[in-house]
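Colleague: here is my input; please provide its structure:
(one chain, ligands or ions: 1)
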Amino acid sequence: MKFPSDFLWGVATSSYQIEGAVAEDGRGESIWDRFAAQPGKIKDGSSGAVACDHYHRYREDVGLMRELGVNAYRFSIAWPRVLPKGFGRVNDAGLDFYDKLVDELLKSKITPAVTLYHWDLPQALQDRGGWGHRDTAQAFAEFAQAVARRLGDRIPIWFTHNEMWCTAFLGHANDMYAPGYSNFALALQAAHHVLVSHGLAVPVLREECAKTANIGIAPNIAYPLPATDALSDAEAARRFDGFFNRWFLDPLAGKGYPQDMWECYKGYTPHIEDGDFQIIAAPLDFLGINYYNPDRIADDPAGVLPPYTRQIPDPTLKRTADREIYAPGLYESLTRLHRDYGFPAMYITENGAAYPDAVAEDGGVHDAERIAFLQAHFEQAARAIDAGVPLKGYFVWSLMDNFEWSQGYTLRYGLTYVDFATQQRIFKDSARWYREFIETQR
Ligand code: GCO
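Modeller: Purely as a prediction, here's the structure:
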């Protein structure tokens, strides 16, 4: 496999999953602090209150990245650190942390790639309706401005949102994630306000950042396959593609909401204001994609909610600790997105695997399966570049084990093992493999 010499090889994390220090230096409460405190929401009863204590250990963690040899790092900015009440007064101490982190990265010749929203909405905004209320879209633009004014001279890659589908549906339709609603119409309205917030933030970032800054967004992408060759399942897979992918990508690409899904969502469709689609379709420099697994989809005629589909396990596929493995789905997704949407560039903003990692007698963490997973997906990325996809970088999820949302600390996605009792970081074999792989690409 040979990637372009200027290809970015990175790792990814997010603020709530690694930082801890949830009440330090003026940080306001987030919806994840509130959600995790509710009994039964998090599998192991944990939260991101301490996580990897990255807020205090960021220099050590940048040292891990130097040892890995990565030349890029995707991380997110905790909105409640910057605007504790979601808008209005900027908390300079919150920005100071990211200022120091960015300078540490630049000193190490690691390109900072910032995600503005990776799910930790200020609780104060949720108390005023959260993503279900249009004012939150405006507040997001204010947040983008505050961050860009402080860091815009040094950050060349900006993602406005991470996984809009999760923000909208896991948080508002099936109560799996914060803020924990089960209301499909609210989920579609939240999705719309997230898209509008993206479109309001892009021109603000263009205004406040260095002219060299590149701006995009990082959706998670489903690769839906019909469960059988029945027409009803093929149509179900198409609906699932609309539900997960096209509902977000079409408006971002200036096509508005897909008609087939608008009809499927009859009775649940969101309120849209004049001009919204022009706002949402702000020109972008790239599209990120978070890809993990395929989705085998069957029609669900008894389904009570759109898109009236069921996800069916595929026993022929190997699994990680929590997902089915289908590496060609990465190639298929990249080439399809390039063909259907044609953004100027693309990044793999997340790809990785959780396995039941443990420290062996010899003190190492031997994760041969994760190495095989990464090797297989890197091959598909190389294949996509050969097929003409303008892929510019790959961020492995994750630099280190961290708080895996409703799964707490029960799923380890890191290249680095974290002993959460001592905060010791231990490179897994996959970290050494990644370092050697990157060296072969230099
Ligand atoms: C996501 C999020 C990450 C997860 C990772 C593993 O894709 O769900 O962006 O925060 O931790 O994907 O599930």
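Colleague: assumed Ile426 was part of a helix.
Modeller: No: Ile426 sits outside any helix when classified using DSSP: H, G, I helix; E, B strand; the rest coil, being strand.
Colleague: the chain should start at 27 in everything you say after this.
Modeller: Right, with 27 as the first residue, what we last looked at is Ile452.
Colleague: quick one: residues contacting it.
Modeller: By C-beta atoms under 8 Å, 6 or more residues apart in numbering, Ile452 lies in contact with 385, 389-391, 442-445. Just so you know, the C-beta spots here come from the backbone N, C-alpha and C atoms, and that holds for glycine as well.
Colleague: the longest helix in this structure is where?
Modeller: If you go by DSSP state H, the chain has its longest helix at helix 210-234.
Colleague: which parts of the stretch 227-376 of the chain sit against the ligand?
Modeller: 246, 316, 376 (C-beta under 6 Å from any ligand atom).
Colleague: the contacts of Ile452 into TSV, with extra columns for secondary structure and distance to Val173?
Modeller: Below are the contacts of Ile452 laid out as TSV (DSSP: H, G, I helix; E, B strand; the rest coil; distance: C-beta to C-beta, whole Å):
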residue	secondary structure	distance to Val173
Val385	coil	37
Gly389	coil	40
Gly390	coil	39
Val391	coil	35
Thr442	strand	27
Tyr443	strand	31
Val444	strand	27
Asp445	strand	32
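Colleague: which one of those is nearest the ligand?
Modeller: The shortest approach to the ligand among the contacts of Ile452 belongs to Val444, at 13.6 Å (C-beta to the nearest ligand atom).
Colleague: for the closest one, grab the count of nearby residues.
Modeller: Neighbours of Val444 under the rule other C-beta atoms under 10 Å: 23.
Colleague: could you count how many residues lie near Ala49?
Modeller: By other C-beta under 10 Å, 11 other residues sit near Ala49.
Colleague: which SS state does it fall under?
Modeller: coil.
Colleague: now the helices for the stretch 327-468 of the chain?
Modeller: Ranges of helices in the stretch 327-468 of the chain, per DSSP state H, counting those that start in this stretch, are 354-367, 394-412, 455-467.
Colleague: about what we covered before: want to throw the residues of the stretch 227-376 of the chain next to the ligand into a markdown table with neighbour count, pLDDT and distance to Leu257?
Modeller: Formatted as a markdown table, those follow (neighbours: other C-beta atoms under 10 Å; pLDDT from 0 to 100; distance: C-beta to C-beta, whole Å):
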| residue | neighbour count | pLDDT | distance to Leu257 |
| --- | --- | --- | --- |
| Asn246 | 19 | 96 | 28 |
| Asn316 | 21 | 98 | 30 |
| Glu376 | 25 | 98 | 33 |
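Colleague: on that earlier part again, show me what the longest helix of the chain is packed against.
Modeller: Helix 210-234 is packed against strand 137-143, helix 161-177, strand 183-188, helix 190-191, helix 197-198, strand 240-244, helix 273-278, helix 302-306, with contacts defined by 3 or more C-beta pairs under 8 Å, 6 or more residues apart in numbering; DSSP states H and E.
Colleague: tabulate the ones you listed (JSON lines), appending distance to Asp129, mean neighbour count and mean pLDDT.
Modeller: Listed next are the helices and strands packed on helix 210-234 as JSON lines, based on distance: least, C-beta to C-beta, whole Å; neighbours: other C-beta atoms under 10 Å; pLDDT from 0 to 100:
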{"stretch": "strand 137-143", "distance to Asp129": "10", "mean neighbour count": "24", "mean pLDDT": "98"}
{"stretch": "helix 161-177", "distance to Asp129": "10", "mean neighbour count": "22", "mean pLDDT": "98"}
{"stretch": "strand 183-188", "distance to Asp129": "16", "mean neighbour count": "26", "mean pLDDT": "98"}
{"stretch": "helix 190-191", "distance to Asp129": "30", "mean neighbour count": "22", "mean pLDDT": "98"}
{"stretch": "helix 197-198", "distance to Asp129": "33", "mean neighbour count": "26", "mean pLDDT": "98"}
{"stretch": "strand 240-244", "distance to Asp129": "20", "mean neighbour count": "25", "mean pLDDT": "98"}
{"stretch": "helix 273-278", "distance to Asp129": "32", "mean neighbour count": "23", "mean pLDDT": "98"}
{"stretch": "helix 302-306", "distance to Asp129": "33", "mean neighbour count": "18", "mean pLDDT": "98"}
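Colleague: many thanks, have a good one.
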